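K.L.:
predicted model and sequence below, questions to follow.
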Number of protein chains: 2
Amino acid sequence: MRSTERNGPAHSRAAEASVQSLPVSVLARAALIVGAFGVDEPFLGVSDLSRRTGLAKATVHRLATELCTVRVLERSEAGGAYRLGSWLFELGEMVPHHRSLAEAAQPIMEDLLEATHERIHLAVLDGVDVVYVKILGGRSVSVASREGGRLPAHATGVGKVILAYSPEAAVRSRIEAGLPRLTPRTVATPGTLGRELQKIRDAGLGMDREESHLGVSCVAAPVFGADGHVRAGLSITGPTRSVDPTKLGPAVRTAALTLSRVLRQSGL
Amino acid sequence: MRSTERNGPAHSRAAEASVQSLPVSVLARAALIVGAFGVDEPFLGVSDLSRRTGLAKATVHRLATELCTVRVLERSEAGGAYRLGSWLFELGEMVPHHRSLAEAAQPIMEDLLEATHERIHLAVLDGVDVVYVKILGGRSVSVASREGGRLPAHATGVGKVILAYSPEAAVRSRIEAGLPRLTPRTVATPGTLGRELQKIRDAGLGMDREESHLGVSCVAAPVFGADGHVRAGLSITGPTRSVDPTKLGPAVRTAALTLSRVLRQSGL
């Protein structure tokens, strides 16, 4: 997962910026700096940030200092590098559409965990990727998925069930962005993806057979919001030998239906 | 909990700003706008934001539009109000010191949940408040605690166990900031707090007896980082009648010791 991870849109803009023109506005430059941090790059100094953003060191130093004042960045204890600040954690937990979904899902996901002892994922579609909103369990499986992490939608169980019930435009966007292979088993052609999504709609259930990680499979079901549109994907993930769709399919589908009902009842 | 919640330091700065001078820098003004959003105020229009920040409507409109471009804010579907953006969720999940703690804690907290079926809290000290980093379980209890939420440290079990093992200056800061009562049972005088912290150090365990919410109690234990300093508080929270320290104390203490050992082994 690590190699495919990236820090949202601002990060890709940062990559573009270094070959194209740099943004002029203070906020866009600050976003470049914040977007340079990643899971694998939690601590960055002025030189690292300058190299990654294409901004002059003096600019980076001035903006990073200001970002520390508002607690978006913090100085790490050792060496004077910067890291993302605690206020971002507090703000992130307040993002309303993610929060309401995660809060409604948590007790249902805890039930699934207790019943299956596998890894339970809840993810939403964001552009052409899925973003994991809540993850529970899974000490038995070596998946590096993490809350807030992204994967290409077509390569995951949660992503495929969301795409299956999304407007055709969402599928087209994913195809136009490419269908990169995460493993030799990833669905990697538009034709295969179309047939796979039809099968999901027929069954109300999707599977990921080692398509995102070798040795790891999942069963997934769609979650619908109060407006009737698909809102999220819920999945049970585990070692391929223990993920039996006959056994786990009804469990994940029941949980997804329960969550959809809770969202409908509370107008979320 | 709602009435005592607030959106971090920038929010209190916003309150000050309206009576004092407004910040000049673009980033400080943008932080005022972002800090105006809260759990109870997830959607704010230009007029709301102008009133809450003291900034002119034209300034708010310009900065909010720019913040949307970098996905820190988003327009909500209905009515054209703004909300905190999805990128903040992704960034918040990458804040390294919270992330490493939460990831190490999650399996241990899941074990506690399975063993007790009560609500499990993990929190860190941030200034004079505790911030909840991870919460599991607790369908049986009507506590409104939430991940990313804050409470005054002296009024919670997790906060008191952290204060008990923190440098004296941390306790003094809390006393100087005041010891507000959340319930009639909150520890509200410096003398009582001092004796309570000594009792926690003697027992290696703390209790919250309806001090943050009437009808709700908890047992809490301190978690230590690789550097030997107290890093977090871990607690089991439930209806007062079901929180028996004789029964739950050893469970939360075992889990806190396990988590401290994991942090020490991985150098976190």
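P.N.:
Perfect, I can see it now.
K.L.:
ok, how many other residues are close to A:Ala123?
P.N.:
For A:Ala123, the neighbour count with other Cβ atoms under 10 Å in any protein chain shown is 30. Bear in mind the C-beta positions are built from the backbone N, C-alpha and C, glycine included.
K.L.:
then it would be within a helix, right?
P.N.:
No - the assignment for A:Ala123 (DSSP: H, G, I helix; E, B strand; the rest coil) gives strand, which keeps it out of a helix.
K.L.:
contact partners for it?
P.N.:
Counting by Cβ atoms under 8 Å, 6 or more residues apart in numbering or on different chains, A:Ala123 makes contact with A:130-133, A:156, A:158-159, A:162, A:232-233, A:235.
K.L.:
how about the strands of the stretch 51-200 of chain A, start to end?
P.N.:
Secondary structure of the stretch 51-200 of chain A (DSSP state E, counting those that start in this stretch): strands at A:73-75, A:82-84, A:119-126, A:129-136, A:150-152.
K.L.:
and those as TSV, adding mean pLDDT?
P.N.:
TSV is the format used below for those (pLDDT from 0 to 100):
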stretch	mean pLDDT
strand A:73-75	95
strand A:82-84	97
strand A:119-126	97
strand A:129-136	97
strand A:150-152	96
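K.L.:
ok, which of the ones you listed comes nearest B:Ser212?
P.N.:
Of all those, strand A:129-136 sits nearest to B:Ser212, with 24.7 Å by Cβ to Cβ.
K.L.:
okay, now the sheet partners of that closest one, with direction.
P.N.:
strand A:119-126 (antiparallel), strand A:150-152 (antiparallel) (DSSP bridges).
K.L.:
can you name the residue of the stretch 151-268 of chain A nearest to chain B?
P.N.:
Going by Cβ to the nearest Cβ, chain B is nearest to A:Asp227 of the stretch 151-268 of chain A, at 9.0 Å.
K.L.:
quick one: neighbours of that residue, just the number.
P.N.:
Applying other Cβ under 10 Å, I find that A:Asp227 has 11 neighbouring residues.
K.L.:
A:Glu210 too?
P.N.:
17.
K.L.:
do A:Thr237 as well
P.N.:
There are 30 residues near A:Thr237, going by other Cβ under 10 Å.
K.L.:
isn't it up against A:His121?
P.N.:
Yes - counting by Cβ atoms under 8 Å, A:Thr237 touches A:His121, with 5.9 Å between them.
K.L.:
pull up the overlap in contacts between these two.
P.N.:
A:145, A:157, A:218.
K.L.:
secondary structure element for the last one, which one?
P.N.:
In this structure, A:Cys218 sits in strand A:216-224 according to DSSP states H and E.
K.L.:
the inter-axis angle of the next helix or strand after that strand versus strand A:119-126?
P.N.:
Heading C-terminal from strand A:216-224, the first helix or strand you meet, by DSSP H and E, is strand A:230-239. For strand A:230-239 against strand A:119-126, the angle by axes from the mean of the first three to the mean of the last three Cα atoms, to 10 degrees is 140 degrees.
K.L.:
give me the buried positions along strand A:230-239.
P.N.:
A:230-238 (16 or more other Cβ atoms under 10 Å in any protein chain shown).
K.L.:
repeat for stretch A:44-52
P.N.:
A:44-46, A:48-50, A:52.
K.L.:
of those, closest to chain B?
P.N.:
Nearest member of the buried residues of stretch A:44-52 to chain B, counting by Cβ to the nearest Cβ, is A:Leu44, at 11.0 Å.
K.L.:
residues in contact with the residue most central in space within chain A?
P.N.:
Chain A has A:Val131 as the residue nearest its centroid, 1.7 Å off, counting by Cα atoms, centre = their mean. Going by Cβ under 8 Å, 6+ apart, A:Val131 touches A:123-125, A:148-150, B:86, B:89-90.
K.L.:
tell me which two in those residues are the farthest apart.
P.N.:
A:Leu125 and A:Gly148, at 14.9 Å, using Cβ to Cβ across these.
K.L.:
most neighbours out of the contacts of A:Val131, which is it?
P.N.:
Tallying neighbours with other Cβ under 10 Å puts A:Ala123 at the head of those, with 30 neighbours.
K.L.:
distance of that residue from A:Thr156?
P.N.:
7 Å (Cβ to Cβ, to the nearest Å).
K.L.:
now A:Arg83
P.N.:
For A:Arg83, the distance to A:Thr156 - Cβ to Cβ - is 29 Å.
K.L.:
between those two, which has more neighbouring residues?
P.N.:
Set side by side, A:Arg83 and A:Thr156 show more neighbours around A:Thr156, with 30 against 19, by other Cβ under 10 Å.
K.L.:
quick one: contacts for the closest residue to the more buried one other than its chain neighbours?
P.N.:
Nearest residue to A:Thr156, sequence neighbours excluded (Cβ to Cβ, 6 or more residues apart in numbering or on different chains): A:Ser212, at 5.0 Å. When contacts are counted by Cβ under 8 Å, 6+ apart, A:Ser212 touches A:1, A:151, A:155-157, A:182-183, A:186.
K.L.:
farthest-separated two in those?
P.N.:
The widest separation within those (Cβ to Cβ) is 14.2 Å, between A:Met1 and A:Gly157.
K.L.:
the more surrounded of the two?
P.N.:
A:Gly157 (30 against 15).
K.L.:
next up, the contacts around the more buried one.
P.N.:
Neighbours of A:Gly157 in contact, by Cβ under 8 Å, 6+ apart: A:121, A:206-208, A:211-212, A:218-220, A:233, A:235, A:237.
K.L.:
same check, this time on A:Leu193
P.N.:
With Cβ under 8 Å, 6+ apart, A:Leu193 has these contacts: A:154, A:163, A:171, A:174-175, A:179, A:187.
K.L.:
residue farthest from the centroid of chain A?
P.N.:
A:Ala58 (33.7 Å).
K.L.:
right, and A:Ala104 touches A:Leu263 too?
P.N.:
Yes - between A:Ala104 and A:Leu263 there is a contact under Cβ under 8 Å: 5.8 Å.
K.L.:
where does chain A dip in pLDDT?
P.N.:
Residue ranges of chain A with pLDDT under 70: A:1-20, A:78, A:139-142.
K.L.:
nearest to chain B: which residue in it?
P.N.:
Closest point on chain A to chain B, by Cβ to the nearest Cβ, is A:Gly92, at 1.9 Å.
K.L.:
show me what contacts the closest residue to that residue other than its chain neighbours?
P.N.:
Nearest residue to A:Gly92 in three dimensions, chain neighbours excluded: B:Gly92, at 1.9 Å (Cβ to Cβ, 6+ apart). Going by Cβ under 8 Å, 6+ apart, B:Gly92 touches A:88-93, A:95, A:148, B:148.
K.L.:
alright, calling it a day.
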